[in-house]
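Colleague: can't give you the sequence, but here's the structure:
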């Protein structure tokens, strides 16, 4: 369980976040959507302990943070990159674990390639693989799919959903893409413009009526309805 | 290397030598402007003594260059540790660059004597700043998300330095070292000028002063070209090391495919 209590944030004179309270159940997939500059990335960084706050964060010990730009080391090979976080965390059996993780994301055979030789989608798969290999209890994702093309994006959403179903980590995803949030999440958290606060929490499971997410649900009327409902909530500020 | 790539610079060299040769013939004052051929002849004739000079200048410049590189990276690393350290030290690093080294050189010779030590120190002073400046720039411009990634996983400063900041700064360090390659040779020559005319068997700078006093213009030019070649060799060595380190991952060294 991740508990965000009374979290506020000021950057000098600017109030970035009004009070934010949020409880995320173990194994839950939560997405945070909101207009640009609403502080959703800041909130994610506060949860990650990268940004300070007056509030409190309770979270499990083992986590991972996935960045928008993959955040790979350009001078390391795919193999070196997938082992990086294990090195930082002092994980044992790096080689064997790396090999399993690379196979899971279809990057086996690319061990000796460098990041610049990979497509955007492959880079993100590598970034996800290097996080999953830590066997994290929770993963924080900061717009991880915003740099890939639309087709790859949907494929990666499906892969991410599979990873989550399989490994059962708690996930918090910050995204601009409402369909992505709806496709992946148990709940979608809607935030207001600065100072950011939570204005709505939409329970996707109950509104969508599907237990398991498959690519086909994207074209169903229920899916569009939920997407439009959330888009409507966001539009009120424009 | 592909032939196509080396043709343009060779062509420029041929034009330059041809222009020089014709110019020298028209001007017709061999003791002021010898032809390239005359310079080559002197170079061959005095080859042994020039090599003695080259060896001495190389020793001073190379030692100075290595010390400047190690010292420069160390100073930049210290500066990168904190804003306060950077603010305290950087102005003096700039002074290192703005001090007229040619004017300070006699002072250094007074302090450290008429020996290779002084030449090395002058070479260090002149080669140090580009390395400090570029290394510092590199250490300070680590991509933000990578810094956040290491912070998130609570990597120690030492780990972050060796696994992230330093490798990330390598392109800048190499860029600084390329600038300093030629400068270290210039520093050594300046040092030898000041130490001066003790013997005609000194370093290239000493021999230049000596040959100039004797109005041996061809020899002066042969010595200048030798010193130029030395700086060029330094540069190409670093260029090659940089290529080797970055060929697989950095834009500057990867072939467009």
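Modeller: Everything's here; your move. Computed from a predicted structure; not experimentally measured. Residues are numbered from 1 along each chain as shown, chains lettered A, B, ... in the order given.
Colleague: which secondary structure element of chain A has the lowest mean pLDDT?
Modeller: Least confident helix or strand of chain A, by mean pLDDT, DSSP states H and E, is helix A:204-208 with a mean of 79.
Colleague: and the helix or strand just after that helix, how far out from the chain middle?
Modeller: Sequence-wise, the next helix or strand downstream of helix A:204-208 (DSSP states H and E) is helix A:221-235. For helix A:221-235, the separation from the chain centroid amounts to 20 Å (computed by Cα atoms, centre = their mean, to the nearest Å).
Colleague: on that earlier part again, contact partners of the least confident helix or strand of chain A?
Modeller: For helix A:204-208, contacts defined as Cβ atoms under 8 Å, 6 or more residues apart in numbering or on different chains pick out A:182, A:185, A:186, A:187, A:188, A:211, A:217, A:222, A:223, A:225, A:226, A:229. All C-beta spots, glycine's among them, are computed from the backbone N, C-alpha and C.
Colleague: isn't residue B:241 right up against residue B:178?
Modeller: No. Between residue B:241 and residue B:178 there is no contact, the gap being 10.1 Å when judged by Cβ atoms under 8 Å.
Colleague: for residue A:66, the count of nearby residues, please.
Modeller: Neighbour count for residue A:66, taken as other Cβ atoms under 10 Å in any protein chain shown: 23.
Colleague: for it, give its distance to chain B.
Modeller: Using Cβ to the nearest Cβ, to the nearest Å, residue A:66 is found at 9 Å from chain B.
Colleague: and for residue A:179?
Modeller: Counting by Cβ to the nearest Cβ, the gap from residue A:179 to chain B is 25 Å.
Colleague: try residue A:17
Modeller: Taken as Cβ to the nearest Cβ, the span from residue A:17 to chain B is 18 Å.
Colleague: so that residue: helix, strand or coil?
Modeller: Put simply, residue A:17 is strand when judged by DSSP: H, G, I helix; E, B strand; the rest coil.
Colleague: if we ignore the residues flanking it in sequence, what's nearest it?
Modeller: Leaving aside its sequence neighbours, residue A:17 sits nearest to residue A:9 (Cβ to Cβ, 6 or more residues apart in numbering or on different chains; 4.2 Å).
Colleague: just confirm the one you found is within a strand.
Modeller: Yes. Counting by three-state DSSP, residue A:9 is part of a strand.
Colleague: that older thread, how about a markdown table for the contacts of helix A:204-208, with distance to chain B added?
Modeller: Shown next, in a markdown table, are the contacts of helix A:204-208 (distance: Cβ to the nearest Cβ, whole Å):
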| residue | distance to chain B |
| --- | --- |
| A:182 | 26 |
| A:185 | 23 |
| A:186 | 24 |
| A:187 | 24 |
| A:188 | 24 |
| A:211 | 33 |
| A:217 | 32 |
| A:222 | 36 |
| A:223 | 32 |
| A:225 | 36 |
| A:226 | 31 |
| A:229 | 33 |
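Colleague: pLDDT below threshold where in the stretch 101-250 of chain B?
Modeller: Across the stretch 101-250 of chain B, the ranges flagged by pLDDT under 70 are B:196-200.
Colleague: measure the residue in the stretch 151-257 of chain B that chain A sits nearest to to residue A:131 for me?
Modeller: The nearest approach of the stretch 151-257 of chain B to chain A comes at residue B:153, 4.2 Å away (Cβ to the nearest Cβ). Noted for residue B:153: a distance of 10 Å to residue A:131, by Cβ to Cβ, to the nearest Å.
Colleague: if you count what's nearby, which of these two comes out ahead?
Modeller: Counted by other Cβ under 10 Å, residue B:153 and residue A:131 do not tie: residue A:131 has more neighbours, with 24 against 18.
Colleague: how about residues contacting the longest helix anywhere in chain A?
Modeller: For chain A, the helix with the greatest residue count under DSSP state H is helix A:150-167. By Cβ under 8 Å, 6+ apart, the residues outside helix A:150-167 that reach it are A:29, A:104-105, A:119-121, A:124-125, A:128, A:132, A:135, A:144-145, A:148, A:171, A:177, A:180, A:183-184, A:212-213, A:215, A:218.
Colleague: filter these down to the ones in strands?
Modeller: Per DSSP state E, strands hold the following members of the contacts of helix A:150-167: A:29, A:171.
Colleague: pull out the buried members of the contacts of helix A:150-167.
Modeller: Neighbour counting over the contacts of helix A:150-167 (16 or more other Cβ atoms under 10 Å in any protein chain shown) leaves A:29, A:104-105, A:120-121, A:124-125, A:128, A:132, A:144-145, A:148, A:171, A:177, A:180, A:183-184, A:213, A:218 as the buried ones.
Colleague: quick check: the spatially closest residue to residue A:27 that is not a sequence neighbour vs chain B, distance?
Modeller: Excluding its sequence neighbours, the residue lying closest to residue A:27 (Cβ to Cβ, 6+ apart) is residue A:168, at 5.1 Å. Distance, residue A:168 to chain B, by Cβ to the nearest Cβ: 21 Å.
Colleague: chain B contacts on chain A?
Modeller: Residues of chain A lying close to chain B by Cβ under 8 Å from any Cβ of the partner chain are A:45, A:48-50, A:63, A:65, A:67-69, A:71, A:73-75, A:84-85, A:87-89, A:114-116.
Colleague: buried subset of these?
Modeller: A:45, A:48, A:50, A:63, A:65, A:67-69, A:71, A:73-75, A:84-85, A:88, A:114-115.
Colleague: I'd like to know how far the most centrally placed residue in chain A sits from residue A:226.
Modeller: In chain A, the residue lying closest to the centroid (Cα atoms, centre = their mean) is residue A:141, at 2.4 Å. Here the criterion is Cβ to Cβ. By it, residue A:141 lies 20 Å from residue A:226.
Colleague: next one: residue B:119
Modeller: As judged by Cβ to Cβ, residue B:119 and residue A:226 stand 77 Å apart.
Colleague: more neighbours: those two, which one.
Modeller: Legend: neighbour count by other Cβ under 10 Å for residue B:119 and residue A:226, higher for residue B:119 (34 against 23).
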